[in-house]
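1. Whatever this is, show me its structure:
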Amino acid sequence: MRYSMFTAILAVAAIASLPPMAKADWFTDEVPPANAKPLSDVIKSLEDQGYKAIEEVEFDDNEWEIEVHQADGSEIELHVDASTGQITKKE
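-> Sure, this is the predicted structure:
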């Protein structure tokens, strides 16, 4: 019993001494800035422009990347500036 307890304590200590797997700043480009328009406002604006079938939303490099299905069945990706809410690119 003493041997297994010692082994368990040693294992926990070894794991605790490992460097953290993710640094706090690794994901900063995936978080909207403080001055970003709320996502709900961005979605509402796109819906008002006729983009009704929004399938996926992702944030990267200060832009919302939003996949939309159009009425004809085609899919496009809209890039929307997080601060202004303006579409910057259509793919």
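2. Tell me the helix or strand right after the helix or strand harbouring residue 58.
-> When elements are assigned from DSSP states H and E, residue 58 belongs to strand 53-60. Of the helices and strands lying after strand 53-60 in sequence (DSSP H and E), the nearest is strand 63-69.
3. List the buried residues for that following strand?
-> Residues of strand 63-69 classed as buried under the neighbour-count rule (16 or more other C-beta atoms under 10 Å) are 63-66, 68. From N, CA and C alone the C-beta is placed, and that goes for glycine too.
4. which other helices and strands contact it?
-> helix 39-48, strand 53-60, strand 75-81 (3 or more C-beta pairs under 8 Å, 6 or more residues apart in numbering; DSSP states H and E).
5. Go again with 10 Å.
-> helix 39-48, strand 53-60, strand 75-81, strand 87-90 (3 or more C-beta pairs under 10 Å, 6 or more residues apart in numbering; DSSP states H and E).
6. got the CA positions of it in PDB?
-> Extracted in PDB, the C-alpha atoms of strand 63-69 (Å, rounded to 0.1, in the frame of the first residue of the first chain):
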ATOM      1  CA  GLU A  63     -13.600  38.900 -38.400                       C
ATOM      2  CA  TRP A  64     -16.700  36.800 -38.100                       C
ATOM      3  CA  GLU A  65     -16.700  34.000 -40.700                       C
ATOM      4  CA  ILE A  66     -20.300  33.100 -41.300                       C
ATOM      5  CA  GLU A  67     -21.500  30.300 -43.600                       C
ATOM      6  CA  VAL A  68     -24.800  31.000 -45.200                       C
ATOM      7  CA  HIS A  69     -27.000  28.800 -47.500                       C
END
